[in-house]
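S.K.: After the sequence you'll find the predicted model.
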Amino acid sequence: MNEGAQNIKRPIAVLQRSINKPVRVRLKNSEEYRGNMVNIDAYMNVFLEDAAEYDDKGDMVTNYGRVVIRGNNVLFVLIEDTLKI
Amino acid sequence: MNEGAQNIKRPIAVLQRSINKPVRVRLKNSEEYRGNMVNIDAYMNVFLEDAAEYDDKGDMVTNYGRVVIRGNNVLFVLIEDTLKI
Amino acid sequence: MNEGAQNIKRPIAVLQRSINKPVRVRLKNSEEYRGNMVNIDAYMNVFLEDAAEYDDKGDMVTNYGRVVIRGNNVLFVLIEDTLKI
Amino acid sequence: MNEGAQNIKRPIAVLQRSINKPVRVRLKNSEEYRGNMVNIDAYMNVFLEDAAEYDDKGDMVTNYGRVVIRGNNVLFVLIEDTLKI
Amino acid sequence: MNEGAQNIKRPIAVLQRSINKPVRVRLKNSEEYRGNMVNIDAYMNVFLEDAAEYDDKGDMVTNYGRVVIRGNNVLFVLIEDTLKI
Amino acid sequence: MNEGAQNIKRPIAVLQRSINKPVRVRLKNSEEYRGNMVNIDAYMNVFLEDAAEYDDKGDMVTNYGRVVIRGNNVLFVLIEDTLKI
Amino acid sequence: MNEGAQNIKRPIAVLQRSINKPVRVRLKNSEEYRGNMVNIDAYMNVFLEDAAEYDDKGDMVTNYGRVVIRGNNVLFVLIEDTLKI
């Protein structure tokens, strides 16, 4: 596989090509936010629209609207759509 | 979508275009501060006017006036206004 | 509003124009120090004169005189004076 | 052994030559994620496909699909295949 | 006040002009070390002579002699002398 | 002693000359991993082969094979061989 | 005192002139390691020979031989010899 094919699979690059898709953002403190990922930067600061907090049973706890989550709190970002990248 | 259209949606850029709007700043220690966001920098240091601390029921705990919150304490910044960016 | 008008409202710039004013420095460990802010740098290292620690009822616990607080401990800096910046 | 032979054994280089292999990612909070490592960067941000969380008995807890784990949460990455590098 | 007058009051500059003075170094873990501050760098690594640990009643716990405290542990440095800077 | 003689004793340099030797890697969370150190970088990311976790009595808990431990988790690296460097 | 006289008293410089001397390395987790300091770098990564862990009564707990302690774990380094620097 050539270098270019690898670069577009870099973790941050994958996230940045997933904008405008639904994501789940799991935090270090175990909280989970779901929403539409409007944008994300290299530090993993995430801008979500239609964001809501969910508990560990998958029930919505609070609706937040538009939030920017500071990247250093992030444990992982799960990309909801099922298409291959 | 072109590159310029993406750049103005970067998380920090979105926050910096939201100055003079009401925001909620949730901290890692679960405290929440609300106020008018006079300014914010790339590290997410936030300058709030008419700032007050709120408990998790949404009741005001303490009124602080003007505070600068150090960015590394921030969990997320919620932009209160309901207009699309 | 022009760029220059924005720059002087940057969080660190606001703090640096507030020197020689009374401030409250809330730390991550919940301690609060009050005093006259002689100087502050971009990392939020703060040099206070007439510094004292206060408990959460607003009573003075200990008088310290002149202290330099290391910036990474800071939760927020509250500017006591009531003038608009 | 010459310098070139050493460089390809650098920890990050070894991980980057292990892409498309099954890995286990143990986190600081003791959680373990297994999946196919599509990519990993120098900060150890990891992009996993077919990712699932496992408990400490080796049973699957939750299936996540595609996730990007932020590198600063990682304790170690275990390379599952048994071939010598 | 001119720029030069401000610079000599920067927190790190104040500490570096206080060398050879008695200081108290309060750590994040609440321990307090007192001694003669032989030197301090911009990261707040502190070299103390005649250093001793004190408990919160102000009684000496242990005498250490010469120690270098790593800066990231520091909560604050209190300058003991009572002269104005 | 001359400068060159000192440089080869720098902590990271000593570790990098100890590759292919058995080591014990003690982590901040008190876990201990032992194995053959294939490589280590300046951040103390460690690549171990024949790695296994040991409890504090020196008994093996789990056999892991090949793992890369992220450097920021490391408390110390103990070099097993008894030869002088 | 001139600039050169000050520089050789910088905390890291003092430690680097103390190599081949016995030291005590106190860690953030309260553990204490004693040994001969073969080398130390600017990040306070420490290479100790004849290293052993001691409990808070000053009794030896475990003998480790040669270890490299990662600098970010260090609380302080105590220089055992009693000569003035």
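M.R.: Good, I have the coordinates. Residues are numbered from 1 along each chain as shown, chains lettered A, B, ... in the order given.
S.K.: Within range of chain D, give me the residues from chain A.
M.R.: Counting by C-beta under 8 Å from any C-beta of the partner chain, the positions of chain A adjacent to chain D are A:6, A:9-12, A:14-15, A:28, A:44, A:71-72, A:74-80, A:82, A:85. To be clear about C-beta, it is placed using only N, CA and C from the backbone, and glycine gets the same treatment.
S.K.: Can you say which of those are buried?
M.R.: For the residues of chain A next to chain D, a burial check counting by 16 or more other C-beta atoms under 10 Å in any protein chain shown picks out A:9-12, A:14-15, A:28, A:44, A:71-72, A:74-79.
S.K.: of all those, which two lie farthest apart?
M.R.: Using C-beta to C-beta, the two most remote members of those are A:K9 and A:K28, lying 25.1 Å apart.
S.K.: pLDDT weak spots in chain A?
M.R.: With pLDDT under 70 as the threshold, chain A has low-confidence stretches at A:1-6, A:82-85.
S.K.: Try it again at 50.
M.R.: With pLDDT under 50 as the threshold, chain A has low-confidence stretches at A:1, A:83-85.
S.K.: What is the nearest of the buried ones among the residues of chain A next to chain D to F:D50?
M.R.: Minimum distance to F:D50 across those is 28.8 Å, recorded for A:P11 (C-beta to C-beta).
S.K.: Identify the bridge partners of the most centrally placed residue in chain A.
M.R.: With distances taken as C-alpha atoms, centre = their mean, chain A has A:V77 as the residue nearest its mean C-alpha position (4.0 Å). Beta-bridge partners recorded for A:V77 (DSSP bridges): A:V25, D:V68.
S.K.: Quick one: residues contacting it.
M.R.: A:L15, A:V23, A:R24, A:V25, A:R26, A:M37, A:I40, A:M44, A:V46, D:V67, D:V68 (C-beta atoms under 8 Å, 6 or more residues apart in numbering or on different chains).
S.K.: And the helices in chain A?
M.R.: Using DSSP state H, the helices of chain A run over A:3-7, A:11-16.
S.K.: right, and A:M44 touches A:G71 too?
M.R.: Yes - taking C-beta atoms under 8 Å as the contact criterion, A:M44 and A:G71 are neighbours in contact, 3.5 Å apart.
S.K.: who touches both of these two?
M.R.: D:R70.
S.K.: pretty sure A:L27 contacts A:L75?
M.R.: Yes - at 5.9 Å, A:L27 counts as touching A:L75 under the criterion of C-beta under 8 Å.
S.K.: Tell me how far the closest residue to chain E within chain A lies from D:I69.
M.R.: Using C-beta to the nearest C-beta, the single residue of chain A nearest to chain E is A:N72, 16.2 Å away. Between A:N72 and D:I69 the distance, using C-beta to C-beta, to the nearest Å, works out to 14 Å.
S.K.: How many neighbouring residues does A:M60 have?
M.R.: Here the number of neighbours of A:M60 (other C-beta atoms under 10 Å in any protein chain shown) works out to 10.
S.K.: Test of understanding: give the bridge partners of it.
M.R.: On DSSP bridges, the residues paired with A:M60 through beta bridges are A:Y54.
S.K.: surely it meets A:E53?
M.R.: Yes - in this structure, A:M60 is within contact of A:E53 by C-beta under 8 Å, at 7.3 Å.
S.K.: Now do the same contact list for the residue of chain A closest to chain E.
M.R.: A:Y43, A:M44, B:N72, D:N72.
S.K.: try A:A13
M.R.: Going by C-beta under 8 Å, 6+ apart, the list of residues near A:A13 reads A:N7.
S.K.: what number of residues lie near A:E53?
M.R.: Neighbour count of A:E53, defined by other C-beta under 10 Å: 17.
S.K.: Revised request: answer the last question for A:I8.
M.R.: Taking other C-beta under 10 Å as the criterion, the count of residues near A:I8 is 11.
S.K.: and the gap between it and A:R17?
M.R.: Where A:R17 is concerned, A:I8 sits at a distance of 7 Å (C-beta to C-beta).
S.K.: And A:F76, by the same measure?
M.R.: According to C-beta to C-beta, A:F76 stands 17 Å off from A:R17.
S.K.: Quick check: the residue of chain A nearest chain G.
M.R.: Of the residues in chain A, the one nearest chain G is A:N72, at a distance of 16.2 Å by C-beta to the nearest C-beta.
S.K.: And stretch A:66-75, end to end?
M.R.: Looking at stretch A:66-75, the gap from its leading to its trailing residue is 20 Å under the measure C-alpha to C-alpha, to the nearest Å.
S.K.: do the same with stretch A:53-60
M.R.: Stretch A:53-60 has an end-to-end distance of 6 Å (C-alpha to C-alpha).
S.K.: in that stretch, what counts as buried?
M.R.: Residues of stretch A:53-60 classed as buried by neighbour count (16+ other C-beta under 10 Å): A:E53, A:Y54.
S.K.: Show the contacting residues for A:L15.
M.R.: Applying C-beta under 8 Å, 6+ apart, the residues near A:L15 are A:M37, A:I40, A:M44, A:V77, A:I79, D:V68.
S.K.: From A:N63, how far out is it?
M.R.: Computed with C-beta to C-beta, the distance linking A:L15 and A:N63 is 24 Å.
S.K.: what does A:I12 give?
M.R.: With distances taken as C-beta to C-beta, A:I12 is found 28 Å from A:N63.
S.K.: now swap in A:V25 and tell me
M.R.: A:V25 sits at a distance of 15 Å from A:N63 (criterion: C-beta to C-beta).
S.K.: and these two? which has more neighbours close in?
M.R.: Regarding A:V25 and A:N63, a neighbour count based on other C-beta under 10 Å identifies A:V25 as having more, with 24 against 10.
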